[in-house]
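Chemist: Sequence and predicted structure below; questions after.
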Amino acid sequence: MTKSLEAVLQGAKSATALLYNQPTGANVYPGVPPEYTNWRDEQIAWQKSAVLFNQSYHMDDLLVEGPDAIKLLSYLAYNSFKGFEVGKAKQFAPVSHDGYIIGDVIMFYLGENKLELVGRRPALNWVRFHAETGKYDVRLDLDERTALRKDPSRRRSFRFQIQGPNAMKVIEKATGKPVPEVRFFNMTRMTIAGKEMWALRHGMAGQPGLELFGNWDDGETVRQALIAAGKEFGLHLVGGRAYSSNAVESGWIPSPLPAVYTGEKMKPYREWLTSDMYEARASIGGSFYSENIEDYYLSPWDIGYGGFVKFDKEFVGREALEKMSTKKHRKKVTIALDDDDVRRVVGTMFQENNRFKYMDFPSSVYSMHPYDKVLVNGKQAGISTWISYTANEGKMLTLAILDPEHATPGTKVSLVWGEANGGSAKPVVERHVQTEIKGVVAPVPYVREVRENYADAQGGWRAKASAA
């Protein structure tokens, strides 16, 4: 019998205990093989030549249509909707009434009163709840990720990203014409192999590129045309293993825990959510553990979205964010882990006893929402949220959120690796010994090429495209 999330929480020792011991492992990337060639070459290609990310399978897609579509989505978003019009996209990362992130997806403005949200489920569920319980004249159409579909062979849309320094050459060859100048997070229409589609100016791996999406039945024709066009430009197809690691190079935190498990104002939502939904099945893992689930919640400033917060309209969580805006904020950083310490951790795999937590490559993520402690002089200074090896740098990197006094590049820190007391009850966690790995705080994005040619603050291509 399906229960509400509220009922599930009432029957659990605590929200933390429920999620920390969930059997659910890390997110999977269906529809593509783990590797097309090998994940090292696939990583290198997104910095040196070009790659094709096939995103047609692993994300949910919510179509929002009707006279109140903008009214609904604007009320749930803290970023401004001024100038937002057909042919544009924006980040949609709504917060709870207390101002903490519920989810993070991309919102596409496809036509009059027609918008599409693409990404992980929590943000989409929040929209569905308000559409169903509020007085909004909207229609919703949820297209679930492949792993949850009764018919996994079909979706509404194909979705490909062409990224890397040669990305535009691949697109030009595939279309037979120059790539139009499009501002960052703006869209244009494009035709490849006789098939028409949307093209979003995007840069997921930190390099300029386009995200292409259109009718599902056209997907394979378009994919083959892109592969053929990319041969002379070193185009690599990217499998699931390499795909999961690109976040540490671009600096995007993919896994904020939805801040829905507490708060009286959030109770109606917990009563709407059910035991078979994402929020009830999500898992947290890592060395950070607190019985107060709110210690896992992240603010817009924590994930680097503080600059998006605008108070030019009413929205859910506005009062809370106004109070937060006057306080000091934690800072998103990269931590470069010490090579010798990483070798030490991996080396215990070759002994019988007292092994440290297995460190997978390239992404060493074993829960849906990883949280590891970061220490400075033995005291907690923040959390690490995502850890991956990059062949482009020859380093194991983590995306972390640190107290501002410890966030200066060059600061020496320690990452606590592994779970306490031998590990949680998650089946993906073997019995192990906890240890510390030395690290150094570095900028985010970590890769200099990405930092200088992608990030807005440095005036790179992303900033130039936005100003065009």
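Modeler: Now that the structure is in, tell me what you want to look at. These numbers come from a predicted model, not from an experiment.

Chemist: list the helices and strands the lengthiest strand in the chain packs on?
Modeler: For the chain, the longest strand by residue count, based on DSSP state E, is strand 379-390. The contact analysis (3 or more Cβ pairs under 8 Å, 6 or more residues apart in numbering; DSSP states H and E) places strand 379-390 against helix 247-250, strand 369-370, strand 372-376, strand 395-402, strand 412-417. No exception for glycine: its C-beta is placed from N, CA and C like everyone else's.

Chemist: Tell me the secondary structure at R189.
Modeler: Under the three-state scheme (DSSP: H, G, I helix; E, B strand; the rest coil), R189 adopts strand.

Chemist: Tell me the bridge partners for it.
Modeler: W198 (DSSP bridges).

Chemist: Quick check: it vs L110, distance?
Modeler: 11 Å (Cβ to Cβ, to the nearest Å).

Chemist: neighbour count winner among the two?
Modeler: L110 (18 against 11; other Cβ atoms under 10 Å).

Chemist: and the more buried one, that one's in a helix?
Modeler: No. Under three-state DSSP, L110 sits outside any helix and is assigned strand.

Chemist: Once you drop chain neighbours, what's closest to it?
Modeler: E116 (5.6 Å; Cβ to Cβ, 6 or more residues apart in numbering).

Chemist: Quick one: end-to-end distance for stretch 349-368.
Modeler: One end of stretch 349-368 sits 24 Å from the other (Cα to Cα, to the nearest Å).

Chemist: so how far is that stretch off the chain centroid?
Modeler: Chain-centre distance of stretch 349-368: 23 Å, with Cα atoms, centre = their mean, to the nearest Å.

Chemist: Could you do stretch 436-443 as well?
Modeler: How far stretch 436-443 lies from its chain's middle: 22 Å, per Cα atoms, centre = their mean.

Chemist: Mind listing what's buried along that stretch?
Modeler: E436, I437, K438, G439, V441, A442, P443 (16 or more other Cβ atoms under 10 Å).

Chemist: so G164 sits right up against W46, yeah?
Modeler: Yes. With contacts counted by Cβ atoms under 8 Å, G164 reaches W46, the gap being 5.0 Å.

Chemist: Could I get the full set of helices for the stretch 151-300 of the chain?
Modeler: For the stretch 151-300 of the chain, the helices defined by DSSP state H, counting those that start in this stretch occupy 167-175, 219-230, 240-243, 247-250, 267-272, 278-281.

Chemist: and E132, which of the three is it?
Modeler: helix.

Chemist: Give the closest residue to it in space, chain neighbours not counted.
Modeler: W272 (7.7 Å).

Chemist: Now do the one you found, the pLDDT please.
Modeler: The model reports W272 with a pLDDT of 98.

Chemist: for it, what are its contacts?
Modeler: When contacts are counted by Cβ atoms under 8 Å, 6 or more residues apart in numbering, W272 touches S4, F129, E132, T133.

Chemist: Using PyMOL, define a selection of the buried residues within the residues you listed.
Modeler: Here is the PyMOL command that selects only those of these that count as buried (16+ other Cβ under 10 Å):
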select buried, resi 4+129
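
Chemist: hmm, back to that, what mean pLDDT does the longest strand of the chain have?
Modeler: Mean per-residue pLDDT for strand 379-390: 97.

Chemist: Repeat that for stretch 434-451.
Modeler: Taken as a whole, stretch 434-451 carries a mean pLDDT of 86.

Chemist: do stretch 341-361 as well
Modeler: Mean predicted confidence for stretch 341-361 is 97.

Chemist: picking that back up, E220 is nearest to which of the helices and strands packed on strand 379-390?
Modeler: For E220, the closest of the helices and strands packed on strand 379-390 is helix 247-250, at 27.4 Å, according to Cβ to Cβ.

Chemist: If you count contacts, what does that closest one end up packed against?
Modeler: Helix 247-250 packs on strand 379-390, strand 395-402, going by 3+ Cβ pairs under 8 Å, 6+ apart.

Chemist: Deepest-packed of these, please.
Modeler: By mean neighbour count, with neighbours taken as mean count of other Cβ atoms under 10 Å, strand 395-402 ranks first of these at a mean of 26.

Chemist: Tell me which other helices or strands that strand touches.
Modeler: Contacts defined by 3+ Cβ pairs under 8 Å, 6+ apart place strand 395-402 against helix 247-250, strand 331-337, helix 339-347, strand 372-376, strand 379-390, strand 435-442.
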